[in-house]
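In: pasting the sequence and the predicted model now:
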Amino acid sequence: MATGYMEGYGAGEEARNRIIKRIFFIGVPAVLLAVGAFFYFRTWSQERAVSRFLAALEEKKFEEAYQMWCTPQKPCRYYPMEKFQEDWAPNGHYGKLSELKFGAVDYCQSGVVFEIEYPNEKPFGLWVERSNNLISFAPAERCPGRHLQFGALFEKLFG
């Protein structure tokens, strides 16, 4: 009778430990993967808009690029097509696309700021509205206020 009494001792605790290990080894990586995917893909649509904009400029399709900047529904009162072409043409101020480098990407409340760097020039920001992917010059080089800078942190830590 004594062997039957002690026979099941610890079986419940062993099953509970197995469940905890499964939760830890499956759940924690799944949460980390989901958080990583969120931060990776949260600016994906805006990155595609900037890529299409730069591709149109490279192909000298200024009308198409200008429609990503200004639309008939939202015309650019102070940035007409002539000034846009002057700025973004191959010999214009921003037209040296082969020298263009991207800096930080900031996720703001209503848009995304892409920091653009040209050699020997002060960086500037391109603003992409999150609601409609319209592109414009950013009001500031970076998003105003405090916000998380994971890219800058990883660059600082790992070079």
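Out: Cool, the structure landed. Numbers count the residues shown, from 1 in each chain.

In: I'd say residue 119 and residue 100 touch.
Out: No. Using CB atoms under 8 Å, residue 119 is not in contact with residue 100; the gap is 9.6 Å. Backbone N, C-alpha and C define where each C-beta goes, glycine included.

In: higher neighbour count, those two?
Out: More crowded of residue 119 and residue 100, by other CB atoms under 10 Å: residue 100, with 14 against 8.

In: let me see the contact set for the more buried one.
Out: By CB atoms under 8 Å, 6 or more residues apart in numbering, the contact set of residue 100 is 54, 116-118.

In: for it, give its distance to residue 76.
Out: In this view, residue 100 and residue 76 are 21 Å apart by CB to CB, to the nearest Å.

In: and if you look at residue 68?
Out: Applying CB to CB to residue 68 and residue 76 gives a distance of 11 Å.

In: so the two - more neighbours on which side?
Out: residue 68 (18 against 15).

In: who are the contact partners of that one?
Out: 49, 52-53, 56, 133-135.

In: what of residue 101?
Out: 116-118.

In: do residue 105 as well
Out: 43, 47, 112-115, 151.

In: any idea how far the helix or strand it falls within is from the chain center?
Out: Secondary structure from DSSP states H and E places residue 105 in strand 101-107. Centroid displacement of strand 101-107 relative to its chain, using CA atoms, centre = their mean, to the nearest Å, is 8 Å.

In: so what are the sheet partners of that strand and their directions?
Out: According to DSSP bridges, strand 101-107 has the following sheet partners: strand 111-117 (antiparallel).
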